[in-house]
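Enquirer: model this:
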Amino acid sequence: MRIPAFGFRRPVAAPRPQPRAVAPRPADSFTPAAGPRAATAAARATAAAQAADVSAVKTAYQTHLNREPSAAELDKAVAFAGVLHAQGKTDEELRNSLAFVIALSPEWQSRDAYRNSLGREPSADELKSAVTFATSLTDQGKSVEEMRAGLNFVIAMSPEWQSKSAYNDMLGRAASPEELANATTFATSLRDQGKSVEEMRAGLNFVIAMGPEWQSKSAYNDMLGRAPSPEELANAVTFATSLRDQGKSVEEMRAGLNFVIALSPEWQEAHRPKVSLDRDAIYLQQPNGWSCGPTSLSMALAASGVRGADQGTVWEMVDALGARAGVGTPGGVALIADVARRMGVNAEANGSRDAADMRAALERGHGIVVNGDIGGGGHFIYIAGLDMAGNFIVCDPWRPGITSWGDGELEAFTHFGNNPPGFAEIWPN
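Expert: This is a model prediction of the structure:
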């Protein structure tokens, strides 16, 4: 039986695989970056750069804030550094920028305000309070300048700043650590009592003014019109402190300082009675031709404030000198000086005829009775002092119109004739 061919077909041969077409590669298209190793190297470079930025940020925080940055601060600062690197900034520019940004922060401004205002770092509590206050100002939209002004103002209201300022204002120096501690404690107690800043400062000023140093400085200013030298101040403070330690009151301390200063040559000279230079107030004309000596001495005594500028004084001096008609004054400048001393003033006779010696006596604040000659025998005149131009203020009892001489005119008077030369230097006790 022939089997019918139903349902069967000749198998069809499978197509033979053909080679896959590959696009031709450009000769220079192969680079190492395209491989896994290149990607790893790039990742390492990125990590190294980020690590460098982290280190730079931490260093900046340690340098400017003396602490590590918080995680949030670190993230922000590193992101900021990345932006700067993307802009092509150098490492130095990065460090400067980090320092600038940190310096604008409430924390840096708080620390710097304490350093500038009080010369020290804030305590942890002070820093926390200051940063909170400065941050509140920033949150209110205040500028960095306004924030800093606010910090300075608050610090200046503190007992410590007021104590430092009081010492500088009252004594011209900084308080010692012990003085500052005591003053701050006192000022804090006033603040805690509810006193205002003005009352606190007034209290500090009062306490400092009761101290030996302030009293010594004030005594010199009042008594001599000047500040004491460092050596004078040291001696005065030592003396005033000894009085205080003896239980003396501030009034007694000051009286003691005044007494000691009043014994000094400077005070004695400054408070020595001066002769009057007011020619109109002391000038006297001699009543006759032979009483020039008594009249000149009378003007000297009036200038020293021990006699009146009147004819009664002239006749008193006529008797005291033994002056009389036909003789005049029976002696020279030594007799004038002797009688002047008996009248209660200081007097010294000087045999010089030279204007320079007479000028020196007048520059000491003394008056002089001078013996010379005007062509008719010996003649005494009184010279009260020197005027603003340096000329001699002449009081000639015989010639009231002569009021001023230079050196040449005075020496022409003293060198003329043969009368005993010299002058009597007279000044108050």
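Enquirer: secondary structure class for Ala384?
Expert: Secondary structure state of Ala384, per DSSP: H, G, I helix; E, B strand; the rest coil, is strand.
Enquirer: okay but Ala209 is in contact with Tyr167, surely?
Expert: No - between Ala209 and Tyr167 there is no contact under C-beta atoms under 8 Å: 11.7 Å. Where you see a C-beta, it was placed from the backbone N, CA and C, and this is true even at glycine.
Enquirer: Which one of these two is surrounded by more residues?
Expert: Taking other C-beta atoms under 10 Å, Ala209 and Tyr167 do not tie; Tyr167 has more neighbours (20 against 16).
Enquirer: Can you give me the neighbour number for the residue nearest to Glu411 when sequence neighbours are not counted?
Expert: Sequence neighbours aside, Ala355 is the residue nearest to Glu411 in space, at 5.1 Å (criterion: C-beta to C-beta, 6 or more residues apart in numbering). Other residues within reach of Ala355, judged by other C-beta under 10 Å, total 20.
Enquirer: how long is stretch 339-355 from one end to the other?
Expert: For stretch 339-355, the separation between the terminal residues is 24 Å (C-alpha to C-alpha, to the nearest Å).
Enquirer: how about that stretch: buried residues?
Expert: Residues of stretch 339-355 classed as buried: Val339, Ala340, Met343, Val345, Asn346, Ala347, Glu348, Ala349, Asn350, Arg353, Asp354, Ala355 (neighbour count, 16 or more other C-beta atoms under 10 Å).
Enquirer: my guess is the residue nearest to Glu411 contacts Phe413, does it?
Expert: No - with contacts counted by C-beta under 8 Å, Ala355 stays clear of Phe413, the gap being 9.7 Å.
Enquirer: so where's the stretch 101-250 of the chain shaky on pLDDT?
Expert: Flagging of the stretch 101-250 of the chain using pLDDT under 70 yields an empty set of residue ranges.
Enquirer: and Ala340, what does it touch?
Expert: Leu297, Ala300, Leu301, Ala347, Val369, Ala424, Ile426 (C-beta atoms under 8 Å, 6 or more residues apart in numbering).
Enquirer: hmm, try it at 6 Å
Expert: Ala347, Ile426 (C-beta atoms under 6 Å, 6 or more residues apart in numbering).
Enquirer: ok, now Asn371?
Expert: Taking C-beta under 6 Å, 6+ apart, one finds Gly332, Val333, Phe380, Asn419, Gly422 in contact with Asn371.
Enquirer: What is the lowest-pLDDT residue among those?
Expert: Within the contacts of Asn371, pLDDT reaches its minimum at Asn419, with 81.
Enquirer: which residue sits closest to that residue, ignoring its sequence neighbours?
Expert: Excluding the flanking residues, the one nearest Asn419 by C-beta to C-beta, 6+ apart is Gly378, at 3.7 Å.
Enquirer: where does the one you found fall, phi/psi-wise?
Expert: phi -60, psi 150 (degrees, to the nearest 10).
Enquirer: I'd like to know how many residues surround it.
Expert: Counted with other C-beta under 10 Å, Gly378 comes out at 17.
Enquirer: I'd say it and Asn418 touch.
Expert: No - counting by C-beta atoms under 6 Å, Gly378 does not reach Asn418; the two are 8.9 Å apart.
Enquirer: Output the helix or strand containing Thr241 in CSV with nothing but the alpha carbons.
Expert: If you go by DSSP states H and E, Thr241 is part of helix 230-245. Only the C-alpha atoms of helix 230-245 are listed here, as CSV (Å, rounded to 0.1, in the frame of the first residue of the first chain):
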residue,chain,number,x,y,z
PRO,A,230,54.5,110.0,88.3
GLU,A,231,56.9,110.3,91.3
GLU,A,232,54.8,112.9,93.0
LEU,A,233,51.7,110.9,92.5
ALA,A,234,53.3,107.8,93.9
ASN,A,235,54.5,109.6,97.0
ALA,A,236,51.1,111.4,97.5
VAL,A,237,49.2,108.1,97.1
THR,A,238,51.4,106.4,99.6
PHE,A,239,50.9,109.2,102.1
ALA,A,240,47.1,109.4,101.5
THR,A,241,46.8,105.6,101.8
SER,A,242,48.7,105.7,105.2
LEU,A,243,46.2,108.3,106.4
ARG,A,244,43.3,106.2,105.3
ASP,A,245,44.8,103.1,106.9
